[in-house]
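1. Give the three-dimensional model of this entry:
(2 chains)
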Number of protein chains: 2
Amino acid sequence: MGALHEGHASLIRKARRVADSTASRASTASTASTASKGSVVVSIFVNPRQFGPKEDLSRYPRPFAADRALCRNERVDLLFHPSVESMYAGDHSVSVHETTLSKGFCGASRVGHFDGVCTVVAMLFQIIAPDIAIFGEKDWQQLAVIRRMVRDLRMPVKIMAHPTIRENDGLALSSRNRFLTSEDRSVAPRIYESLKARSKEASEGEVSVARLRRDLIRDLSAIPGAKVEYAEIVNESTLSPMKKIGEGGTARALVALRLGAVRLIDNMALPSPR
Amino acid sequence: MGALHEGHASLIRKARRVADSTASRASTASTASTASKGSVVVSIFVNPRQFGPKEDLSRYPRPFAADRALCRNERVDLLFHPSVESMYAGDHSVSVHETTLSKGFCGASRVGHFDGVCTVVAMLFQIIAPDIAIFGEKDWQQLAVIRRMVRDLRMPVKIMAHPTIRENDGLALSSRNRFLTSEDRSVAPRIYESLKARSKEASEGEVSVARLRRDLIRDLSAIPGAKVEYAEIVNESTLSPMKKIGEGGTARALVALRLGAVRLIDNMALPSPR
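-> As a prediction, this is how the structure comes out:
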């Protein structure tokens, strides 16, 4: 969606590394002697279909010149920046719909959001035909939904995840952080701190999801001005509830809250003790 | 869906002709000197997701050995015949959804049918990655919905339509014709006769869609044992209603009716006079 920050730059650098060490699909199809490096494609498209009627579509930042400069600087081969009209015909009537992973968490409050995400990502995959697509882990639910779409529709693309990039104080980078008041910005790192505390407790042997979740909600609710939307501990792939850390898949804590008018999300793995 | 008949054979022969005169995508990507003929792929998959709970999934014919022999005989390069389990994971949760063209006609009585069709065709396109896909005109609504899906999701495949193949007496070939009683089979060609009569009237100057439709319904309703499900005259691309032949696109009559337990569909262009 553009408004590129260091999190995006990190994704692009990962793509550059992967592309430079991988022959692209086209060169695989030709003879070995002509094999070349892969290309890095970045899409910048503020997708109206993933915003709800009361969401921040119109005020979503669109600093295109700066985004383009960042892409050039990171040696992006192709920047795909279509208009809304070129993506969606006036009588556009086809969407991609995910019914399980997209229901709870952000999907519960953002009705139609993940259908909008799946539809535009499916379109981008058809247009670009990437061998590999790299998504940040910050929107963990989105990553899980995209993986499911690729699996279920049998899309010939490998999804790679890339860790969340954070400010020095731990706040996950987001294009929406700029809208935080200075007071809200000063307390926002407490989201990360609470996630990290739970992750540490889990790695030290705490297995009760109920206890970890209770403490997570306690900490988040204590952030001044915060309205917690959800704080859940789930199986990282299926996003289904877990009872005990280490039983039935890897656990991950997913949280969303509002600070003033800004909605923030974050997540962290809760590892079993080794 | 298999149970191949002369209609399918005609589609395959068209594919063979097109493939033999067209370089495939892979050979386009390599150097010109290695360009080769395209390949013909046939999929045979009785897709449970496009059958309703009261429909004929279990008794849909599956004469695979005969289908395979027909494909061999027609020089098909690859026959793709997956199991249901290999197509749909137990927790499959992603579908492709068309909201406009699929609503009326067959979509009105067959709830979920076109989502099932779109989903499986999208999957087949991802798996096979065809340059060109050929669909029969017999299921005109399906053809229109597939074209819309390809347009809206920006799928890199060209959809070709191929005319309906008919018995000598005009009945459109269908794998379901074998279930007609001999009495029903003897009157079934009257569907074609009524469509042909309307097409002739239109080509001779009848422009009133209301009159053409009234006569179509009159003829179909007079077929002994027939229960007319719909008989509509629409814009052939948008499937939206028309008032006058020749105004706002090409007209096509779409009909569906039941003869005993068998549901039959057919359609025909209603050309403007030249």
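
2. what about stretch A:22-40, how long is it end to end?
-> This stretch, stretch A:22-40, spans 11 Å end to end (Cα to Cα, to the nearest Å).

3. now swap in stretch A:128-144 and tell me
-> End residues of stretch A:128-144 are separated by 21 Å (Cα to Cα).

4. pLDDT (mean, whole number) over that stretch?
-> For stretch A:128-144, the mean pLDDT works out to 98.

5. so does that stretch get close to chain B?
-> Yes - interface with chain B: stretch A:128-144 contributes residue A:129 (Cβ under 8 Å from any Cβ of the partner chain). Any C-beta I mention is one placed from the backbone N, CA and C, and that applies to glycine too.

6. The nearest residue to residue A:128 once chain neighbours are set aside: neighbour count?
-> Leaving aside its sequence neighbours, residue A:128 sits nearest to residue A:41 (Cβ to Cβ, 6 or more residues apart in numbering or on different chains; 5.3 Å). The tally of other residues near residue A:41 (other Cβ atoms under 10 Å in any protein chain shown) stands at 19.

7. which parts of chain A sit against chain B?
-> Going by Cβ under 8 Å from any Cβ, the residues of chain A near chain B are A:26, A:29-31, A:34, A:88-89, A:91-101, A:118-119, A:122-123, A:126-127, A:129, A:148-149, A:151-156, A:238.

8. In helices only, show me these.
-> Members of the residues of chain A next to chain B lying in helices (criterion: DSSP state H): A:26, A:29, A:118-119, A:122-123, A:126-127, A:148-149, A:151-152.

9. residue closest to the middle of chain A?
-> residue A:139 (2.9 Å; Cα atoms, centre = their mean).

10. element containing the closest residue in space to that residue that isn't next to it in sequence?
-> Spatial nearest neighbour of residue A:139, excluding adjacent residues (Cβ to Cβ, 6+ apart): residue A:265 at 6.4 Å. Remark: residue A:265 resides in strand A:262-270, with elements defined by DSSP states H and E.

11. Would you mind listing the buried residues in that strand?
-> A:262-270 (16 or more other Cβ atoms under 10 Å in any protein chain shown).

12. where in chain A is pLDDT low?
-> Within chain A, the stretches with pLDDT under 70 are A:23-36.

13. can you give me the strands for chain A?
-> A:41-43, A:78-80, A:94-98, A:132-136, A:158-162, A:226-235, A:251-259, A:262-270 (DSSP state E).

14. Residue A:178 is nearest to which of those?
-> Residue A:178 lies closest to strand A:262-270 among those, at 9.1 Å (Cβ to Cβ).

15. Please name the strands paired to that closest one in the sheet, noting orientation.
-> Note on strand A:262-270: by DSSP bridges, its sheet partners are strand A:251-259 (antiparallel).

16. Residue A:218 is in contact with residue A:231, correct?
-> No - using Cβ atoms under 8 Å, residue A:231 is not in contact with residue A:218; the gap is 9.6 Å.

17. Neighbour count: these two, which is higher?
-> Using other Cβ under 10 Å, the more surrounded residue of residue A:231 and residue A:218 is residue A:231, with 26 against 11.

18. who does the more buried one bridge with?
-> residue A:255.

19. contacting residues around residue A:133?
-> A:121, A:125, A:146, A:157-160 (Cβ atoms under 8 Å, 6 or more residues apart in numbering or on different chains).

20. how much space between it and residue B:138?
-> Shown here: residue A:133 relative to residue B:138, a distance of 38 Å by Cβ to Cβ, to the nearest Å.

21. And for residue A:195?
-> Where residue B:138 is concerned, residue A:195 sits at a distance of 57 Å (Cβ to Cβ).

22. quick one, which of those two is more surrounded?
-> More neighbours surround residue A:195 than the other of residue A:195 and residue B:138, with 25 against 20 (other Cβ under 10 Å).

23. Please tell me I have it right and that one contacts residue A:216.
-> Yes - contact criterion Cβ under 8 Å: residue A:195 and residue A:216 qualify, at 7.3 Å.

24. Give me the common contacts of the two.
-> Joint contacts of residue A:195 and residue A:216 (Cβ under 8 Å, 6+ apart) are A:253, A:255.

25. give me the residue from the stretch 151-274 of chain A nearest chain B.
-> residue A:152 (3.8 Å; Cβ to the nearest Cβ).

26. Is there a neighbour count for that residue? I'd like the number.
-> 22.

27. can you check residue A:130 too?
-> When neighbours are counted by other Cβ under 10 Å, residue A:130 comes out with 23.

28. distance of it from residue A:248?
-> Taken as Cβ to Cβ, the span from residue A:130 to residue A:248 is 32 Å.

29. what's across from residue A:97 in the sheet?
-> residue B:95.

30. Quick check: it touching residue A:116?
-> No - checked against Cβ under 8 Å, the pair residue A:97 and residue A:116 is beyond contact range at 10.4 Å.

31. Excluding chain neighbours, what is closest to residue A:55?
-> Residue A:55 sits nearest to residue A:110 (Cβ to Cβ, 6+ apart), 7.3 Å away.

32. So the one you found sits against residue A:52, correct?
-> Yes - with contacts defined as Cβ under 8 Å, residue A:110 counts as touching residue A:52 at a distance of 5.7 Å.

33. quick one: which of the two has more around it?
-> Higher neighbour count among residue A:110 and residue A:52: residue A:110, with 21 against 13, using other Cβ under 10 Å.

34. Just give the number of residues close to the residue lying closest to residue A:166 once chain neighbours are set aside.
-> Computed as Cβ to Cβ, 6+ apart, the closest residue to residue A:166 that is not its neighbour in sequence is residue A:172, at 5.5 Å. The tally of other residues near residue A:172 (other Cβ under 10 Å) stands at 24.

35. how close does residue A:172 sit to residue B:7?
-> Counting by Cβ to Cβ, the gap from residue A:172 to residue B:7 is 57 Å.

36. how is chain A carved up into domains?
-> A:6-162, A:177-270 (automatic domain parsing).

37. Residue B:252: which of those domains is closest?
-> Nearest to residue B:252 among these is domain A:6-162 (18.0 Å), distances taken as Cβ to Cβ.

38. I appreciate the help and will end here.
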